[in-house]
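Colleague: The following comprises the amino acid sequence and a computationally predicted model.
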Amino acid sequence: MTALFRRIQPSKKLRINVRSIAQFLKIRQNLIKRVECWAGVVFVHHHKGGQFLSYRRLEEWQNAVAYQIQTCPTLRELSQLKTSIQRDTRKFKKQYLPKTLDFLIQMCIERQDILEIWESSNCIAS
């Protein structure tokens, strides 16, 4: 379990909805019978049996990581979070969609720009 996974705690904190699972699996929502959120994976019971899904493949994961980025209070914490994201994406490369990686990189760049401006204006005011 990576630092990012421990930070997000998906089985406890993410609300996985049937719509996003159906969208990911490219099936209709009514074909999903039940969803179980386990510690490391999501288990989906559907019309063809059962299937394990990584939290990292779901929209809720991307949103949770984006929230972590957006709420980083300092450049130092953002840097630590970026390191956690990089390690997680290297270790679980197949579980991340390319568009998700692009989105998270862009979020980090934007947050870094905001924090740099904020921290430099605080230095001037001090």
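Modeller: Alright, I've got the coordinates. Computed from a predicted model, the values in this text were never measured in an experiment.

Colleague: looking at this, Leu53 is in a strand?
Modeller: Yes. Judged by DSSP: H, G, I helix; E, B strand; the rest coil, Leu53 forms part of a strand.

Colleague: what's the helix or strand for Phe43?
Modeller: Element membership for Phe43, per DSSP states H and E: strand 41-46.

Colleague: how about that strand: buried residues?
Modeller: 41-42, 44, 46 (16 or more other C-beta atoms under 10 Å). C-betas here are computed from N, CA, C, even on glycine.

Colleague: just checking, what packs against that strand?
Modeller: Judged by 3 or more C-beta pairs under 8 Å, 6 or more residues apart in numbering; DSSP states H and E, strand 41-46 is in contact with helix 18-25, strand 32-37, strand 49-54.

Colleague: so which of these is the most packed in?
Modeller: helix 18-25 (a mean of 16; mean count of other C-beta atoms under 10 Å).

Colleague: show me where pLDDT drops low in this protein?
Modeller: Within the chain, the ranges that satisfy pLDDT under 70 run 123-126.

Colleague: please redo it, this time with the cut-off set to 80
Modeller: 122-126 (pLDDT under 80).

Colleague: Show me where it has its helices.
Modeller: Applying DSSP state H to the chain gives helices spanning 3-8, 10-13, 18-25, 59-70, 75-91, 98-125.

Colleague: for those, which one sits closest to Cys37?
Modeller: Closest to Cys37 of the helices of the chain, according to C-beta to C-beta: helix 10-13, at 4.9 Å.

Colleague: Turn the buried residues of strand 41-46 into JSON lines, columns for distance to Glu59.
Modeller: Shown next, in JSON lines, are the buried residues of strand 41-46 (distance: C-beta to C-beta, whole Å):
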{"residue": "Val41", "distance to Glu59": "16"}
{"residue": "Val42", "distance to Glu59": "12"}
{"residue": "Val44", "distance to Glu59": "15"}
{"residue": "His46", "distance to Glu59": "18"}
